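Chemist: structural data only, the sequence is not supplied:
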């Protein structure tokens with residue numbers, strides 16, 4: 001049996017809903033809609049939805065109204081979110097979504113907050129975040145170093161968290177050894193810091209107090 005034209009399928013579905021009019025309850029309208037779509041084959045249902053999508057393409061204001069309605073229906077909204085979350089593994093869709101978020105700072109802040117909180121609870125998600133951060137390490141650091149307060153906060157928290165994670169702390173020490181030249185260059189830019197660090201290191205290394213005083217004096221570090 002040949003499927004009816006798409007416009008006829010849609011018209012039939014809309015006609016069944018319109019027949020109820022204002023006299024129908026919400027439940028009756030829902031039943032009418034279910035009856036209309038149940039009468040169609042899967043192919044006809046898809047064609048009807050496709051026809052509706054084409055109408056929405058040409059009438060953006062209807063998309064906004066449709067979104068507001070769907071957002072009130074949690075099962076449907078969650079289904080859309082689940083499908084979108086799965087499809088975001090596609091680079092092109094992920095980019096389109098990301099550029100829209102980047103253009104809406106308030107939304108971006110909330111998404112970053114919520115995503116971080118959700119990722120923290122899942123080992124698999126934590127590994128995924130680490131991979132993404134590693135692949136964009138330079139860009140991430142470039143962004144984080146835009147703000148002095150953020151940079152200071154990250155350093156402070158990093159030191160506190162590293163104290164609780166021996167393996168991570170060891171990796172940091174290895175990195176410091178590998179890049180000690182760059183680290184030393186930073187320290188040397190602040191004479192007070194260099195003096196304080198040198199004094200503390202020498203004090204830790206020399207247990208003989210008289211000898212310590214001689215060493216500090218020779219380095220012009222004695223008080």
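Modeler: Nice, thanks for sending it over. A quick note: this is a predicted structure, and the numbers were derived from the prediction, not measured.

Chemist: could you use CA atoms for every contact and neighbour count after this?
Modeler: Fine.

Chemist: so how far is stretch 189-206 off the chain centroid?
Modeler: 41 Å (Cα atoms, centre = their mean, to the nearest Å).

Chemist: state the mean pLDDT of that stretch.
Modeler: Averaged across stretch 189-206, pLDDT comes to 79.

Chemist: just the element for residue 182, please.
Modeler: helix 180-188 (DSSP states H and E).

Chemist: list the helices and strands that helix packs on?
Modeler: helix 191-205 (3 or more Cα pairs under 8 Å, 6 or more residues apart in numbering; DSSP states H and E).

Chemist: name the helices or strands packed onto the host helix or strand of residue 159?
Modeler: Assigned by DSSP H and E, residue 159 falls within helix 148-162. Taking 3+ Cα pairs under 8 Å, 6+ apart as contact, there are no helices or strands that helix 148-162 lies on.

Chemist: now do the domain split for the protein, please.
Modeler: Domains of the chain are assigned by automatic domain parsing as 1-77, 137-178, 183-223.

Chemist: of the ones you listed, which shows the lowest average pLDDT?
Modeler: Averaging pLDDT over each of the domains of the chain puts domain 1-77 lowest, since it has a mean of 71.

Chemist: how distant is the very next helix or strand once past the helix holding residue 159 from the center of its chain?
Modeler: Next along the chain after helix 148-162, taking DSSP H and E as the criterion, comes helix 166-178. Helix 166-178 has its C-alpha centroid displaced from the chain centroid by 27 Å (Cα atoms, centre = their mean).

Chemist: swap in stretch 187-201?
Modeler: On Cα atoms, centre = their mean, the centre of stretch 187-201 falls 39 Å from that of its chain.

Chemist: swap in stretch 156-168?
Modeler: 23 Å.

Chemist: before we move on, what about stretch 186-203?
Modeler: That offset, for stretch 186-203, works out to 39 Å (Cα atoms, centre = their mean).

Chemist: kindly report the same for stretch 67-83.
Modeler: Distance, centroid of stretch 67-83 to centroid of chain: 20 Å (Cα atoms, centre = their mean).
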